[in-house]
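In: Give me the fold of what follows.
(chains A, B and C)
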Amino acid sequence: MKNIHQITDKIKGLHSNLFANDFLLTWDKTEDELRQTLLVAEALKYMRDHNIATRCFDSGLAVSNFRDNSTRTRFSFASACNLLGLEVQDMDESKSQIAHGETVRETANMISFLTDIIGIRDDMFLGEGHTYMKEVGDALDDGFKNGVLPQRPGIVNLQCDIDHPTQSMADLMHLADYYGGLENLKGKKIAMTWAYSPSYGKPLSVPQGIIGLMTRFGMEVDLAYPEGYTLIPEVVELAGKNAAASGGKFRVVNSMEDAFANADIVYPKSWAPFAVMQRRTELLKNSDKEGLNALEQECLGNNARFKSWECTEEKMRLTKDGKALYMHCLPADISGVSCKEGEVQNSVFERYRIETYKEAGFKPYIIAAMIFNNKFKDAAAMLGRLCERNKRRVKG
Amino acid sequence: MKNIHQITDKIKGLHSNLFANDFLLTWDKTEDELRQTLLVAEALKYMRDHNIATRCFDSGLAVSNFRDNSTRTRFSFASACNLLGLEVQDMDESKSQIAHGETVRETANMISFLTDIIGIRDDMFLGEGHTYMKEVGDALDDGFKNGVLPQRPGIVNLQCDIDHPTQSMADLMHLADYYGGLENLKGKKIAMTWAYSPSYGKPLSVPQGIIGLMTRFGMEVDLAYPEGYTLIPEVVELAGKNAAASGGKFRVVNSMEDAFANADIVYPKSWAPFAVMQRRTELLKNSDKEGLNALEQECLGNNARFKSWECTEEKMRLTKDGKALYMHCLPADISGVSCKEGEVQNSVFERYRIETYKEAGFKPYIIAAMIFNNKFKDAAAMLGRLCERNKRRVKG
Amino acid sequence: MKNIHQITDKIKGLHSNLFANDFLLTWDKTEDELRQTLLVAEALKYMRDHNIATRCFDSGLAVSNFRDNSTRTRFSFASACNLLGLEVQDMDESKSQIAHGETVRETANMISFLTDIIGIRDDMFLGEGHTYMKEVGDALDDGFKNGVLPQRPGIVNLQCDIDHPTQSMADLMHLADYYGGLENLKGKKIAMTWAYSPSYGKPLSVPQGIIGLMTRFGMEVDLAYPEGYTLIPEVVELAGKNAAASGGKFRVVNSMEDAFANADIVYPKSWAPFAVMQRRTELLKNSDKEGLNALEQECLGNNARFKSWECTEEKMRLTKDGKALYMHCLPADISGVSCKEGEVQNSVFERYRIETYKEAGFKPYIIAAMIFNNKFKDAAAMLGRLCERNKRRVKG
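Out: You can find the predicted model right below:
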């Protein structure tokens, strides 16, 4: 248990205000709060790996609301909740009466009478996902204040239009693990770059989440994309400020090669241009199928001009010692495997495949840590008590 | 724990036969049994509010079978089961082999080998929901008697064509809470009245449940609707008998204003006329889409003649001191919010919004109490033991 | 607890290697391993029946992946997992990103970071279900070996194209229970015979599972079908070898009457001919709707030539003393009940209905035993500890 004491000691040295606060955007959190999230995740992972029971709730409910398809995040959320003793009840809007004109304010309360945590994925409509989560949060505040709810359920953002904090934090945990500590990330160069994909309309939240978070820890972040494939301007601006504050660097370039040059880490991943997402959001709202088809054709045509934006062996040779760590949120569009031409050459992906799986494997613990910090005021003490009771997860 | 002892003392004074009996209709239960349901719900709520663990099952299964959409009841059932330590397994008929011509008798047994409780919503077809629940119950009796099932799972009616006991009992609990005790409801006037809605085909189970239950406690119940919007005749007759027996009153009037006059409580809510529901049931059985569309048009046209049946500020002024408590099972059709013209004026709803949320918040505890009483013979003793073991729901 | 000690003593005498090994085909398991599965199932059933808590996991996840509809097996799996303390998370492929071209290898890892067990049903495509399960298993081995997964989740075959081990083992447990012990099955004659059904395309896994398993225990197994309704040749060959090795008999006949003659047990059940399933698999792969319709018509026409393959009272009189035990995996096509003409006459089914329900009731315990043996190296010791801790499942 030496390991756990080291972790809890570190947590005690931090100034955090995570208790009873939603986790919606990493840039709403202080550096100490991000550190605490990583440390709690590490502790929970250690305990799970050593068969120490981490159940904190004798009974309790977690609501998931996936407004878009999901495998990884759905299972990560289910795993995280189960790890802490919460049962997941999915809010399947197609089976609910929400179509009856029910307000967000009302639904938020109706699903929360005995609910400890709510996880929401809402990434389809630009300008809406984050707004929706805030609206749910306000409704819960209102319900709690007025005695409708015996507790204020916490909210965890499982991906919105702006940020994807469970992904970027899992990525950060992976980097800290890979390089032997958060402090070793200082000065490391990461290339967050657009890559070609035969599909279109992929959300902006991953690249935004990465540039918004990695600039907090003194890293040198290059954001690269073909002209026009911009992200939400406010987030790009924020990344620059973060870098300045943390002693890191932030650059926008229009060349994959430039970004890869001497990079320690590369993150090649497709997304749709901000302007396209804005048009798409309008078309989706109006259920304009013809318009959506036309936009898709236009965009796929446009994308096709940038097929050279592929993470190839050749480009990998441009990176630091030719050995940059390849990252991806998965599933990747692998050339010749999941598509004809895609984001990454098969041999590159294959070499880093296990690393990308490990990267994904941190997500359940990150989510569990977000829940844990939201529900327990003194996280270090609570972790200590869980260890002391010395209960095994799997009996035997 | 003084509070709990007061509650368990009251339970000890009651003569109940809830153990191992399904909860299908409130009028199948004695007054003592209804009181016990409220008292157990109160105790469980108290314990949840004071972080006392209420898990009674180390493992156990609850099956939900929603034959119609649901948000509130689905989450209430999930919350109730979780509170007691039962895991919910949803019986999604679209994913089952029921279409293969399997009998109710067989399915009922197949889902019940290790099942402690079954919750069913079946409110679409007049003359069917309640019948279906009885059929499931008979099949379970048969399976238990013949050694197929090691236990007889209890059934909780989550809304049928006749009654909606989890709703009406939650409503009753809300009234008892609002007025400081069940005994204070004696002589209070409640107006259960039809209200205009731009939709049609809403079930009759809520108004039927309300007039069938509130007449048991000496209340003065007015049922109001435009000519033709009748309920199932047997339930109306029953309400009259209940009122006579309990020292209350029961009237049917054809004016919202009459019903509101001097009312302590108003419950304005749309429903479809009994005769329409009968025709609709036939059309649904025959999957007669044209017939259903024609009926819908006819009914919406008919409904439109009664747009004045709206719960307005003006009508609220007719109530006792102009301050009647507004109730609704939610979601309400709020004029100018969820529809152009609806059941209730926005300012009225807004003034009582928090109260309607609280009303809904009693449902998980009512359902939990129904399960608890079905599974534990000596409810008072069991509640006592749960308190004595002094286990916290959320560790800390 | 005498009963449990008798069971654990028997287990101690067996040589098994079930720990950390998937349960895909009964013929991959030794006779001792099959015996242990039955014994653990019996112990768990005994404990459940005597209200002894069998929760072995303080928290833990079980993933179900149903690639075909299911009621019985879905609920059996949910019951089994719940009995041991595992929460089921369903892998609903329609809600996942699998359509995005994700590989089996990747998905298998993504759903397994904190997963203890995976149950898979994949019976639609001949030559694919078993292969898919092996592929998932290989991916999990790879993930575990490479440090992606902290544990190797076990796999339980919930029905594939080749075998249906949870069904055949539940059937075997039913027979052992009915005849007072596995040893009493020696020399008993079982007729696994095709029967007419108005539907088509039913999987081969049940008859294959039955002839592959019952030949292991010295039984006299007759497989009967109309000419052309063959099973996978390799499985038929295997059944012959099993019978030879166990001192039993195995015959293929083309007459229901021949098979019924002097039989102790009859298992009349429809299936599609092997050759048809092969053609169907091709058509399904190509989404060839016209071809599928044509094949269905052809087959239904062909089936109709064999309406006389019905389990009638007359045929039952051919069996041992006219009193053979009738078995079915359910739901059965009952003439005059679930279809006009079907697999079994109503009066025959009705006489054995309760027995078929009991037969189905063993499945949850068989699945639980498969999971238990996969996760606990010393099953006997673990069962002993569960009894010693003397915890009740339902408090009271």
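In: Which single residue of chain A ends up nearest chain C?
Out: A:S338 (3.4 Å; C-beta to the nearest C-beta). All C-beta atoms are positioned from the backbone trio N, CA, C, and that covers glycine.
In: What number of neighbouring residues does that residue come out with?
Out: 21 (other C-beta atoms under 10 Å in any protein chain shown).
In: and A:M192, what are its phi and psi?
Out: phi -90, psi 100 (degrees, to the nearest 10).
In: and it, what is it in contact with?
Out: A:207, A:210-211, A:214, A:221-224, A:259, A:267, A:269 (C-beta atoms under 8 Å, 6 or more residues apart in numbering or on different chains).
In: Show me what the helix or strand bottoming out on mean pLDDT in chain A is packed against.
Out: Ranking every helix and strand in chain A by mean pLDDT, DSSP states H and E puts helix A:274-285 at the bottom, with a mean of 89. Helices and strands touching helix A:274-285, by 3 or more C-beta pairs under 8 Å, 6 or more residues apart in numbering or on different chains; DSSP states H and E, are helix A:289-304.
In: buried residues in the helix it packs on?
Out: A:292, A:295-296, A:299, A:302-303 (16 or more other C-beta atoms under 10 Å in any protein chain shown).
In: Can you name the next helix or strand after that helix?
Out: Downstream of helix A:289-304, the next assigned helix or strand under DSSP states H and E is helix A:313-316.
In: Pull the distance from the very next helix or strand once past that next one to the chain's centre.
Out: Where DSSP H and E defines the elements, the next helix or strand beyond helix A:313-316 is strand A:325-326. The chain centre lies 18 Å from the centre of strand A:325-326; the measure is C-alpha atoms, centre = their mean, to the nearest Å.
In: Show me what strand A:325-326 packs onto, helices and strands only.
Out: Using 3+ C-beta pairs under 8 Å, 6+ apart: strand A:325-326 touches strand A:265-268, helix A:346-361.
In: Partner strands of that strand and their direction?
Out: According to DSSP bridges, strand A:325-326 forms sheet pairs with strand A:265-268 (parallel).
In: how about the helices in the stretch 51-200 of chain A?
Out: Secondary structure of the stretch 51-200 of chain A (DSSP state H, counting those that start in this stretch): helices at A:72-84, A:104-110, A:129-145, A:165-179.
In: List of residues touching the longest one?
Out: Just to be clear, that refers to helix A:129-145. A:22, A:24-25, A:67, A:104-106, A:108-109, A:112, A:118, A:120, A:122-123, A:148-149, A:151-153, A:155, A:157, A:159-163, B:357.
In: try the shortest one
Out: Taking contacts as C-beta under 8 Å, 6+ apart, the residues outside helix A:104-110 that touch it are A:96, A:98, A:102, A:132, A:135-136, A:138-140, A:142-143, A:148-149, B:71-72, B:75, B:330-331, B:357, B:360.
In: Pull out the buried positions in that helix.
Out: Neighbour-count burial for helix A:104-110 [16+ other C-beta under 10 Å]: A:105-110.
In: Alpha carbons of that helix, as PDB, please.
Out: In PDB, the C-alpha atoms belonging to helix A:104-110 read as follows (Å, rounded to 0.1, in the frame of the first residue of the first chain):
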ATOM      1  CA  VAL A 104     -34.800  20.100 -20.300                       C
ATOM      2  CA  ARG A 105     -35.500  21.600 -16.900                       C
ATOM      3  CA  GLU A 106     -38.200  19.100 -16.100                       C
ATOM      4  CA  THR A 107     -36.500  16.000 -17.500                       C
ATOM      5  CA  ALA A 108     -33.300  16.900 -15.600                       C
ATOM      6  CA  ASN A 109     -35.200  16.700 -12.300                       C
ATOM      7  CA  MET A 110     -37.400  13.700 -13.200                       C
END
